[in-house]
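Asker: what would the 3D arrangement of this be:
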Amino acid sequence: MKDFIFLPASNIRDSHVRLPGSKSISNRTLLLAALSDNECVLHDVLDSDDTQRMLEALAQLGVVIETIDANSHRVHGSKQRFPNKDAQLFLGNAGTAFRPLTAALALMQGHYELSGVPRMHERPIGDLVDALRLSGADITYLQNEAYPPLKIHPWRDNEQRTIPVKGNVSSQFLTALLMSLPLTGQAYTIEVVGELISKPYIDITLKLMAQFGIVIEHEQHQVFHLPANALYHAPESLHVEGDASSASYFLAAGLLTGKKITVEGINEKSIQGDVAFVDALVQIGAHVSYGDNSITVWRDKKQAIQAFDFDANHIPDAAMTLAIVAVATGQECHIRNIESWRVKETDRLSAMTAELRKLGVHVVEGQDYISIHAQAPLKPNVRIDTYDDHRMAMCFSLIALLGTPIIINEPECVNKTFPTYFEAFAKLCV
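Answerer: Numbering: from 1, shown residues only. Below is the predicted model of the structure:
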């Protein structure tokens, strides 16, 4: 385990980067395939900590999964009922595994315990549990009210068919309900209470569910109608898109340096909402071109990067990269409507604020926004703490492209989504 990695002030060349598979799509498809009534071969699945937690959990639940290679798996569906009715699952800090598995297991006839690392036990889950209980789920908090770890008991239908769920904390709660309620065989209406954040992530869920045979109608992302007697049936094979959130670091590198950086594995028609990060870059000075399976970003070096004021609610993960882009403008920039940063792998608003200030950047942190103004040269050789958060490590690597050497503590936290990130970053450099 490396305690830190030193990144010298770096120049980069025109480059192509092959993206790892999307974490969000990988874990959703693994679960949907496991619940299907047939076999499915999944290709380009992300090989990371989060997906390993999902694969381990499914194996403990009795799902037969043949690993073809590190990124391909043949999943033998369990016909919507996991064979093992009693299991204790450790899910690390994988929210994309913890929330959907909580919902799926809560609607089955088994006894399960779900736990994770200490940070997962600080990430709220009460809104999801409240919604599941309305459907008849029997869930007990084992430590603190509204937080993991959880004990799940057999589901009993209470015949309530309209389920409200709050939408302002995490879109993963709604995703979990959408994916799991069909397991009951009943028709449901899900009503979102308040603003639904991260709508593009819900679109990912809906599009993937349709590929697995269940089509959900909705009214402007506020009311969702789930059909009765719906069954998951997997495609014979499915290729996972490259991770659009991980693409943001390399696309931003094209803007910051003026070099043409091409990411391969996504395109303009990606089902991932974070592809909209490209639109944000264009607004502040980037040029972009699209290929069949790629996106290329660069900047005319004669053109300055523009200051910006963005509502980034729809791209919360990629928006972290904008915080580093803000530093490069040398002007005051604002990223708004990002309160969901506070319930991620760490409190990202506070973490981003603390680490930018180490560099000498003026930062104002609000409950749901951050304002950034780099008014002087950045301090060199600063040690950046990563808070066991992969996106903190990857974001701050871009500081090296601003002519400032930097030290990233605990760099192996990138294993959560992009284990080879620093190797890929090094290949850009001349």
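Asker: quick one: contacts for the closest residue to Leu428 other than its chain neighbours?
Answerer: Nearest residue to Leu428 in three dimensions, chain neighbours excluded: Ile12, at 4.1 Å (CB to CB, 6 or more residues apart in numbering). Glycine gets a C-beta too; all of them are placed from N, C-alpha and C. By CB atoms under 8 Å, 6 or more residues apart in numbering, the contact set of Ile12 is Ala253, Thr257, Lys259, Ile261, Leu401, Leu428, Cys429, Val430.
Asker: possible to save those as a markdown table with neighbour count?
Answerer: Written out in a markdown table, the entries for the contacts of Ile12 read as follows (neighbours: other CB atoms under 10 Å):
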| residue | neighbour count |
| --- | --- |
| Ala253 | 26 |
| Thr257 | 22 |
| Lys259 | 20 |
| Ile261 | 26 |
| Leu401 | 24 |
| Leu428 | 22 |
| Cys429 | 14 |
| Val430 | 8 |
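Asker: just the ones in strands from these, please.
Answerer: Secondary structure defined by DSSP state E assigns Ile261 of the contacts of Ile12 to strands.
Asker: okay if I get the contacts of Ile12 as JSON lines plus pLDDT and distance to Ala210?
Answerer: Output for these, formatted as JSON lines (pLDDT from 0 to 100; distance: CB to CB, whole Å):
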{"residue": "Ala253", "pLDDT": "98", "distance to Ala210": "34"}
{"residue": "Thr257", "pLDDT": "97", "distance to Ala210": "39"}
{"residue": "Lys259", "pLDDT": "98", "distance to Ala210": "38"}
{"residue": "Ile261", "pLDDT": "98", "distance to Ala210": "32"}
{"residue": "Leu401", "pLDDT": "98", "distance to Ala210": "40"}
{"residue": "Leu428", "pLDDT": "96", "distance to Ala210": "37"}
{"residue": "Cys429", "pLDDT": "94", "distance to Ala210": "42"}
{"residue": "Val430", "pLDDT": "87", "distance to Ala210": "45"}
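Asker: from the contacts of Ile12, which is closest to Lys207?
Answerer: Each of those was scored against Lys207 by CB to CB, and Ile261 proved nearest at 27.1 Å.
Asker: correct me if wrong: that closest one contacts Phe250.
Answerer: Yes. Judged on CB atoms under 8 Å, Ile261 makes contact with Phe250 at a distance of 5.1 Å.
Asker: joint contacts of the two?
Answerer: Overlap of the contact sets of Ile261 and Phe250 (by CB under 8 Å, 6+ apart) consists of Ser15, Val17, Leu428.
Asker: one step back: just send the contacts of Ile12 back as a markdown table, with distance to Asn93 too.
Answerer: What follows is the contacts of Ile12, written out as a markdown table (distance: CB to CB, whole Å):
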| residue | distance to Asn93 |
| --- | --- |
| Ala253 | 27 |
| Thr257 | 32 |
| Lys259 | 34 |
| Ile261 | 29 |
| Leu401 | 28 |
| Leu428 | 28 |
| Cys429 | 30 |
| Val430 | 35 |
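Asker: which of the contacts of Ile12 fall in helices?
Answerer: Using DSSP state H, the members of these that fall within helices are Ala253, Thr257, Leu428.
Asker: which among those gets closest to Arg336?
Answerer: The closest of the ones in helices among the contacts of Ile12 to Arg336 turns out to be Ala253 (CB to CB; 24.3 Å).
Asker: partners of the closest residue in space to that closest one that isn't next to it in sequence in the sheet?
Answerer: With sequence-adjacent residues excluded and distances taken as CB to CB, 6+ apart, Ala253 is closest to Ile261, at 5.3 Å. Counting by DSSP bridges, Ile261 is bridged to Ser15, Val297.
Asker: where along the stretch 201-350 of the chain do the helices fall?
Answerer: When assigned using DSSP state H, counting those that start in this stretch, the helices of the stretch 201-350 of the chain occupy the ranges 244-257, 277-283, 319-329, 348-358.
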